[in-house]
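*Asks:* here is the input, now give the coordinates:
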Amino acid sequence: MSDTPVDDATPHDAPHARARTKAARLSLIGELVNQRGFVSVDDLTEQLGVSRMTVHRDLEELQRMSILRKVRGGASAHRSTQFESDLQFRSMSAIEEKKKMAKVAAELVSEGDVVIVDDSTTSLEVVPLLISRSPVTIITNFLPAIQQVSNHPDVHLIALGGEYTPRYQSFLGVMCERSLADLYADVLFASSSAVRGVDVYHQDQRIVTAKRAMMAAAQTRVLMVDHSKIDHGALHRLGSIDEFTHIIVDDKVDPAVVKTFEEAGVIVLVAS
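*Replies:* You can find the predicted model right below:
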């Protein structure tokens, strides 16, 4: 294929023809690099149906977001065991899977429940569905979630304090954790960066301590992870999946992995 620019929205008869917008392309490239460890410019050009110049621009943008490393001929996985992806990228990643998991998650909430929503883009997808189940109480440290529910009269909002961290758009630290120690919730919706075996991981220790405080405050603890997070590790161990009562996965997760989760004593819900 020549280097003549191709319209970013041009469809292409390729396995991943769904990636016709810039947001979809960036999400798919990040997913492919995460799965394979390396992707070539030629492969991406063929699969995305765009020019090599467009692929190079996409890789440069993803590198600026710390999603991957642009190398000669393609891109390799960023050391995701140490660095969390930018919020903007995470919000574009696995969108359909997150929406499907959110529908399953919302069924675990009853009218009048107190619900903790962590600072993940996966849990954020549950928030609009919680609003439709009002009255509910939502406890969160995540600014986008706070903004979504702040004007709904039937939602009792408890915003957790702490040090605001722009990278995550969340409030973290001792104030957040102390606030959670004085609260009780019926349900927690949480996600994390990686699950390896039966262990759950995240790259940032501040996020880990906040999530653990949330887990301690909730009776029903729901972990939501899509297939791209399975069989990966990160720097800090959050805990074992058996510290959650439920785990929700998408239908692309290997059935053998689902069986492993079930054998750990967790209720596994597959969103399909």
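
*Asks:* go through the helix or strand hosting Arg25 and flag the buried ones.
*Replies:* Here Arg25, judged by DSSP states H and E, is contained in helix 22-36. By 16 or more other Cβ atoms under 10 Å, the buried positions in helix 22-36 come out as Lys22, Ala24, Arg25, Leu26, Ser27, Leu28, Ile29, Gly30, Glu31, Leu32, Val33, Asn34. The C-beta positions use only the backbone N, C-alpha and C, and glycine is treated the same way.

*Asks:* check stretch 33-50 too.
*Replies:* Val33, Asn34, Val39, Val41, Leu44, Thr45, Glu46, Gln47, Leu48, Gly49, Val50.

*Asks:* show me how far it is from its chain's centre.
*Replies:* From the chain centre to the centre of stretch 33-50 is a distance of 22 Å (Cα atoms, centre = their mean, to the nearest Å).

*Asks:* got the CA positions of the helix or strand hosting Met214 in PDB?
*Replies:* Assigned by DSSP H and E, Met214 belongs to helix 205-217. What follows is helix 205-217, C-alpha atoms only, in PDB (Å, rounded to 0.1, in the frame of the first residue of the first chain):
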ATOM      1  CA  GLN A 205       0.100   2.000  44.900                       C
ATOM      2  CA  ARG A 206      -2.200   5.000  45.700                       C
ATOM      3  CA  ILE A 207      -4.900   3.400  43.600                       C
ATOM      4  CA  VAL A 208      -4.400   0.100  45.300                       C
ATOM      5  CA  THR A 209      -4.700   1.500  48.800                       C
ATOM      6  CA  ALA A 210      -7.900   3.400  47.900                       C
ATOM      7  CA  LYS A 211      -9.400   0.300  46.300                       C
ATOM      8  CA  ARG A 212      -8.600  -1.800  49.300                       C
ATOM      9  CA  ALA A 213     -10.400   0.700  51.500                       C
ATOM     10  CA  MET A 214     -13.400   0.400  49.200                       C
ATOM     11  CA  MET A 215     -13.300  -3.300  49.500                       C
ATOM     12  CA  ALA A 216     -13.300  -3.200  53.300                       C
ATOM     13  CA  ALA A 217     -16.300  -0.900  53.300                       C
END
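
*Asks:* that helix packs against which elements?
*Replies:* If you count contacts as 3 or more Cβ pairs under 8 Å, 6 or more residues apart in numbering; DSSP states H and E, helix 205-217 packs onto strand 170-172, helix 174-181, strand 185-190, strand 236-240.

*Asks:* of these, give the one that comes closest to Val270.
*Replies:* Closest approach to Val270 among the helices and strands packed on helix 205-217 is made by strand 185-190 (16.7 Å; Cβ to Cβ).

*Asks:* can you point out the buried residues in whichever helix or strand comes after the closest one?
*Replies:* Once the chain leaves strand 185-190, the next helix or strand it forms, by DSSP H and E, is strand 194-196. Across strand 194-196, burial judged by 16+ other Cβ under 10 Å covers Ala194, Val195.

*Asks:* then stretch 137-151?
*Replies:* Using 16+ other Cβ under 10 Å as the test for burial, stretch 137-151 gives Thr137, Ile138, Ile139, Thr140, Asn141, Phe142, Leu143, Pro144, Ala145, Ile146, Gln148, Val149.

*Asks:* I appreciate the help and will end here.
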